[in-house]
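Undergrad: what's the 3D shape of this:
(chains A, B and C)
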Amino acid sequence: MAKCTPGGISGYAGEEIALTGCLGQRHIGCAMKDGILHVEGTPGNAIAAYLDGGSIYVDGNVQDAAADTMNAGLLAVRGSAGDALAYGMRGGRVYVLGDVGYRAGVHMKAYGEHRGVLVVGGRTGSFLGEYLAGGIIIVLGLGHEGEDITGHFCGSGMYAGTIYLRTVRTVRNLSDKLVMRSVPASELDQVVRPVVEDFASVFSIPVDRCLEGGFIAIEADESKSYSQLYAAV
Amino acid sequence: MRRYRIGMYEGCISCLRCARECSFGAITVDKDRKLSFHHDRCTDCQRCVSFCPTGTVYITEDANRFRHNGLFGEDDIREIILQADTGGVLLSSMGAPGSRVPIYFDRMLLNASQVTNPSIDPLREPMETAVYLGRRPEGIRRDADGDIVDNLPPHLELDVPIMFSAMSYGAMSLNVHKALAKAAESLGTCWNTGEGGLHEGLYPYRRNTIVQVASGRFGVHATYLETAAAIEIKIGQGAKPGIGGHLTGRKIVGDVSKTRMVPPGLDAISSAPHHDIYSIEDLAQLVMSIKEATHHAKPVIVKVAAVHNIAPIASGIARSGADIISIDGYRGGTGAAPRRIRDNVGIPIELAIAVVDQRLREERIRDRVSVIASGGIRNSSDVVKAIALGADAVSIGTAALCALGCHICASCHTGRCAWGLATQDAELAGRLDPEKGAQRLVNLVNAWTREIREFMGGMGIDSIEALRGNRLALRGVGLNTKELEILGIGHAGE
Amino acid sequence: MKKEGEVRISSGCAISGIFRRDGKRISGEAIRRSIAVMHDRSNGLGGGFAAYGIYPQYKDHFALHIFYDSQSAREETERFLECRFDIINLSKIPVRRTAAITDAPLIWRYFITPLPHMLQDSQLDEKEYTSRAMIGINGSIDGAYVVSCGKDMGVFKAVGYPEDVADFYRIEEYEGYSWTAHGRYPTNTPGWWAGAHPFSLLDLSVVHNGEISSYDANRRTVEMYGYTCSLLTDTEVITYMLDYLTRRQGLSLAECAEVVASPFWTTIAAMEDEQERRRLSYLRRMFSSFLITGPFSILVGFRGGMMALNDRLKLRGLVAAQKGDTFYFSSEEAAIRVVEKDPDRIWAPQGGQAVIVRLNEEAGA
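TA: Here you go, the predicted model:
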């Protein structure tokens, strides 16, 4: 049985490498800067953590804490992802064709030219985009039309960035500090479509299906800041 | 006897506001519109200071001191002189002051999560503070289909684990009751009428009202019992365990007389015991008769003062059919109590909760009843510590009054409260705007609740019931082995 | 330094479970491979397995696995047992000496049944009679520790990495329809054999990952109902809570899950089905002392079934999978894929949503 080593498999430059039969090995592609990595199997926790460039394609499911604090590059998962996906992600693209677990995109942010982009083809667990501070999250809910696609407490504590949901349902237990609105056609074309087209091309799936029906957006309500909570002593 | 001294910085504009605000006659205006100070009448209530537009007036302790003596302190000598002058029992109000008896809340520190489990952010994640107070049966019941039958007796539902303590109409002005009732409604909690009945104007707040039945039965009638979320039988209070109450005829005026159903001018005496309760089985009878009168639709609370054998007392109450036990500690406040009693009878609430919670567990009945703690709860950390020791919820009295303006000058028994709280004087009572007062109470409890959520979140606890009796959350500092044993907690660093 | 049981020690963990709905008994080799994948989630200070269906020839007798520190503890325990039970069979549990596992206690196995007249005099049912006796041994006989005492099941645990523990106990030689495994990451240094997991009482066994924040509130509640928490671990208190709720209160395991990982009040209030809303509100109010907060994922083994449950915020990972009649549960997907590369279905249960699997009716237990 493969035992994981600290640091895992990382640090290739400008190469294209394929790993097959992965089973629980942690930290694959950790802090990778460039190159292309193909992964087949079920890689372990913390794949693509601190990813700083290049692309990682996973044919299978990824476990918890994938794309932790990712800065740039692409993680594309043709399968599902576990909990705490793209935690603190500052830039780059994380595409998951299937479902993702609890707490995806928590603390995602944007800075300078960096902007985190997370697209989920299926649906997500609760606490999606908690503390969202920038970047965008798009949940397509493919195959879950008419169902709830984000669980509870979506976007709790978010204060910047936008969550786009391809759904007509309302979101359960949405914080009163957030506003929910339907997405106008202009915004759909300018913001959502280019990202979804890229997502669809990565997985070679028809883009039209991904854009069918309406989208809603969730954003922070700036009028409800937390500053009023405190009384200086 | 002079205790305080009224002083003036430069800059007085002679608006005479201080004199108008002073209800104790300590600042008066003489005939040529000059202020004159009567320092001996000053109670240090801070009303004049709060209203002085130029910040000129101030109060200090009088510099004069008796000769220092290690045994006979300033207060001891003062009180002896006063009693020699008058032959009277010393009367006080508010809770026992001073640090003669340890404040255990200040000797306990709370825990927080680090690494091995996560803290939770209460501003973003769910953090539940709702509590349901009342009895629970021993086991579940199922119907013929195997479905669970709801066999829970009625519960008191609170959105926050903080209620307002019993303070009677008569001791307090009607505006205080209005403010408490409005605030309780807005907060989703309960206020408590105390033993002076419920003014009809407050009947609309019935869902947030606890009505009290005390030995004097003032204002108690079937409608009163019906106009409540719960009914409290008051056996005793922390400020004066074993002692009754006495509202002087001077305060039995107008609506107070009508609400208490006592003729104007007649003293209202609450005897120390309920003369229909001389033993625990009599309590069971009173509990049952109240339940019968209200069709078993409301929980019944029994309130007792924390005394030495509080653990078996609480156990007896739990077995009397009461749904909720309310325990008022040594530091509990009052509108008037003999000072010697207030300062020397009873035990601190922290110890009382600890032993009651433990005793009820040893008897396997802790889940059968709920426990409310009160008596000297000053802030949100006191609330959290009380719950971690084993209380389901707490009540606040003095802290609520402070939100309404009280500065704890402890002169309630004079009936001349400058803040319009402990008075029936129409002009003084008019100083409290019930709407503004209610808003301040709401602010206070909301602020505490936010802080409670922060404490809970720090400990990784997202629901208040998981904090209840969770004594690993507490550690003592500077406490001896016996104290730690009674509190059921470890020492800091252990 | 205080050892476990004298002080509460935090720990992180890996868990894994395999269950055959058709009752087919499989070797312990699969669960060993599964838990071994998650080596990094343990630190070598505790590993163990619980297996059901492993003693078919003695399935009507209580099977005891006991650790002894000394021969005198064994002799004392056997005298204690002889007064209360008919001992059908006793033997050392066979082990394979390995370099990775050291300081092993004496490990014995007994198959027993309560002496009929003693049971009758006690006015207890045989489960309560037996559980009290076992708690009596753990509490009163120095150097003796009952590891498991259910029927047709047993717990194998030690200080070490779980795969080494499996080799030590020759786990591949046992065949059961249900297996759970645990790898432990305690925050103290001296490992203690009895402190390893699973924890078990009668037929119930629990493996747990996480550290609950409601611990002391829960502990003081079960102690009120006569349990003694001697290890001060989450697993111990969760086992007792489930034992109380199922055996004494008559709740189903699904209802237990709704008590210990109750939905939020806001979720309950938003339910459209009024009967369901009332039922959940009832359970929460009735058993408010049994709410567990903080992170946990648990696998509960019981005779004829297994339950997987996450805390309501899903603060610990848990993956489930199915292939035909076989169900898999684990902290990580890789631990499932290593034994079943191509499951029919693989999913992450929602926080607070129990997954309960039982033997098919024809399989029996």
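Undergrad: Is there proximity between whichever helix in chain B runs longest and chain C?
TA: In terms of residue count, the longest helix belonging to chain B (DSSP state H) is helix B:434-458. No: Helix B:434-458 stays clear of chain C (CB under 8 Å from any CB of the partner chain), getting no nearer than 8.8 Å. Quick note: C-beta positions are derived from backbone N, CA and C, even for glycine.
Undergrad: Of all the residues in that helix, which ones are buried?
TA: When neighbours are counted by 16 or more other CB atoms under 10 Å in any protein chain shown, the buried residues of helix B:434-458 are found to be B:434, B:437-442, B:444-445, B:447-458.
Undergrad: What about chain A: which of those touch it?
TA: The overlap between the buried residues of helix B:434-458 and the neighbourhood of chain A (criterion: CB under 8 Å from any CB) consists of B:Ala447, B:Arg450.
Undergrad: so which helix or strand takes in B:Pro59?
TA: Small correction: residue B:59 is Ile, not Pro. Using DSSP states H and E, B:Ile59 falls within strand B:57-61.
Undergrad: Could you list the buried residues of that strand?
TA: Neighbour counts over strand B:57-61 (16+ other CB under 10 Å) mark B:Val57, B:Ile59 as buried.
Undergrad: so how far is the very next helix or strand once past it from its chain's centroid?
TA: Sequence-wise, the next helix or strand beyond strand B:57-61 is helix B:74-86, with elements assigned using DSSP H and E. Per CA atoms, centre = their mean, to the nearest Å, the displacement of helix B:74-86 from the mean C-alpha position of its chain is 29 Å.
Undergrad: who's in contact with C:Ser27?
TA: C:Ser27 makes contacts with C:Glu172, C:Glu173, C:Tyr174, C:Glu175, as judged by CB atoms under 8 Å, 6 or more residues apart in numbering or on different chains.
Undergrad: Do you know the pLDDT at the last one?
TA: By that I understand C:Glu175. The predicted local distance difference test score for C:Glu175 is 97.
Undergrad: beta partners of it?
TA: The partner list for C:Glu175 in beta bridges (DSSP bridges) reads C:Ser27.
Undergrad: just checking, it touches C:Gly53?
TA: Yes: with the criterion set as CB atoms under 8 Å, C:Glu175 and C:Gly53 qualify as a contacting pair; they are 7.3 Å apart.
Undergrad: intersection of neighbour lists for those two?
TA: Common neighbours of C:Glu175 and C:Gly53, using CB under 8 Å, 6+ apart, are C:Arg25.
Undergrad: Pull up the gap between A:Ala46 and C:Leu318, please.
TA: Counting by CB to CB, to the nearest Å, the gap from A:Ala46 to C:Leu318 is 18 Å.
Undergrad: all strands for chain A, in order.
TA: Ranges of strands within chain A are A:16-23, A:36-42, A:52-59, A:72-77, A:92-96, A:110-111, A:114-120, A:133-139, A:160-165, A:178-182, A:216-220, based on DSSP state E.
Undergrad: Strand partners (parallel or antiparallel) of the second one?
TA: Next to strand A:36-42 in the sheet, as set by DSSP bridges, lie strand A:16-23 (parallel), strand A:52-59 (parallel).
Undergrad: Out of these, which is the most enclosed?
TA: Across the strands paired with strand A:36-42, the average number of neighbours (mean count of other CB atoms under 10 Å in any protein chain shown) peaks for strand A:52-59, which reaches a mean of 20.
Undergrad: ok so, going back, name the residue in A:Ala46 and C:Leu318 with the higher neighbour count.
TA: Here A:Ala46 and C:Leu318 are set side by side on neighbour count (other CB atoms under 10 Å in any protein chain shown), and the busier one is C:Leu318, at 27 against 23.
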